[in-house]
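In: next come a sequence and a model predicted from it.
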Amino acid sequence: MALAPNKTNRVCTIGPASESPEILRQMLHAGMNIARLDFSHGEFSWHRPAIDNLGGLMTDFNTGGFTTNLDDSKTISANIRSVKIKHHYYENVYLLDFILGLTERLSRRDPATLDIRCAAHGCVHRHTEPYGADAPKPLTIKRFFDRMSHFIGNNSIVIAETGVSLFSAAEMLMPEGAAFVGQTFYGSIGYTVGATLGVGMAAQDRHAVLFVGDGSFQMTCQDLSTMIRHRLKPVINSSEQARNSAPRSIKERP
């Protein structure tokens, strides 16, 4: 989906008449690049459908730069309260009911007969493989996360910020008992610093490791004062991420 070019921000207030995925998509094509919700009117639950639908739209972030090439004539799109099959829309079909009805009609197949590869087999940064330090080599994103995969201990909690940190940390083979926290749905930068604070308060007996870029860190770095006050000791890896660092992290993959 190619968005209409524009030189200024176009702010649109989303309400009941414009919260459906179809209308939001039309607004995006027309040039909207900021969606506004007026929380002075109505409760949070009233705005939830719009938030869900905005988060579920196809963007460059969740489609690999619009490379998915999904064919509408072969796609079933289930949203919070509607289902689209090819070019037909069915309103008041709620997502939970749709999923429950779908699972009842699925036939069970023997997993051994399916050509499904375990996700762990595709991990790039593996603590099961030895890491050899080589001083003359440049410190690339790949080499950094190769090394960090040996740093993460059992039962650790890894928190990865949107962008390079998330793309790379998600490809680390996690040790036994480790948990992974990443925010891929809305992609709000700065989320992980507060999430690390929450992890530290909720699981003080576990090792918290944060990967975050310098720009995202500056958004919510004030949470460090709360961490210090509560004597939390997370490991924070903040790296300077210059322009085009995300494409570089993809290019550096083997």
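Out: Okay, I see it.

In: can we go C-alpha only for contacts and neighbour counts from here?
Out: Fine.

In: can you get me a residue count around Arg10?
Out: 14 (other C-alpha atoms under 10 Å).

In: the residue nearest to it when sequence neighbours are not counted: what's it in contact with?
Out: Spatial nearest neighbour of Arg10, chain neighbours left out: Met32 (5.0 Å); criterion: C-alpha to C-alpha, 6 or more residues apart in numbering. Met32 makes contact with 9-12, according to C-alpha atoms under 8 Å, 6 or more residues apart in numbering.

In: which ones among the residues you listed lie within strands?
Out: Using DSSP state E to define strands, the subset of these located there is 11-12.

In: so what's Gln204 closest to, chain neighbours aside?
Out: By the measure of C-alpha to C-alpha, 6+ apart, the closest residue to Gln204 outside its immediate chain neighbours is Leu232, 7.5 Å from it.

In: pretty sure Thr192 is touching Gly213, no?
Out: No: if you go by C-alpha atoms under 8 Å, Thr192 and Gly213 don't touch, sitting 10.2 Å apart.

In: where do the strands of the stretch 151-254 of the chain begin and end?
Out: Residue ranges of the strands in the stretch 151-254 of the chain, as given by DSSP state E, counting those that start in this stretch, are 157-160, 179-182, 208-213, 235-239.

In: which of the ones you listed sits most buried?
Out: strand 157-160 (a mean of 26; mean count of other C-alpha atoms under 10 Å).

In: now do that strand: which elements does it pack against?
Out: Counting by 3 or more C-alpha pairs under 8 Å, 6 or more residues apart in numbering; DSSP states H and E, the packing neighbours recorded for strand 157-160 are strand 179-182, helix 191-202, strand 208-213.

In: common neighbours of Thr192 and Gly213, please.
Out: Glu161.

In: sorry, back to before: tabulate the strands of the stretch 151-254 of the chain (JSON lines), appending distance to Leu24 and mean pLDDT.
Out: Shown next, in JSON lines, are the strands of the stretch 151-254 of the chain (distance: least, C-alpha to C-alpha, whole Å; pLDDT from 0 to 100):
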{"stretch": "strand 157-160", "distance to Leu24": "29", "mean pLDDT": "96"}
{"stretch": "strand 179-182", "distance to Leu24": "26", "mean pLDDT": "92"}
{"stretch": "strand 208-213", "distance to Leu24": "31", "mean pLDDT": "94"}
{"stretch": "strand 235-239", "distance to Leu24": "35", "mean pLDDT": "91"}
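
In: which of these sits closest to Asn92?
Out: Between Asn92 and the strands of the stretch 151-254 of the chain, the shortest gap by C-alpha to C-alpha is with strand 179-182, which sits at 31.3 Å.

In: can I get that closest one as PDB, trimmed to CA atoms?
Out: Extracted C-alpha coordinates of strand 179-182, given in PDB (Å, rounded to 0.1, in the frame of the first residue of the first chain):
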ATOM      1  CA  ALA A 179      11.400 -14.600  28.700                       C
ATOM      2  CA  PHE A 180      11.300 -12.000  25.900                       C
ATOM      3  CA  VAL A 181       9.400  -8.700  25.900                       C
ATOM      4  CA  GLY A 182       9.000  -6.800  22.700                       C
END
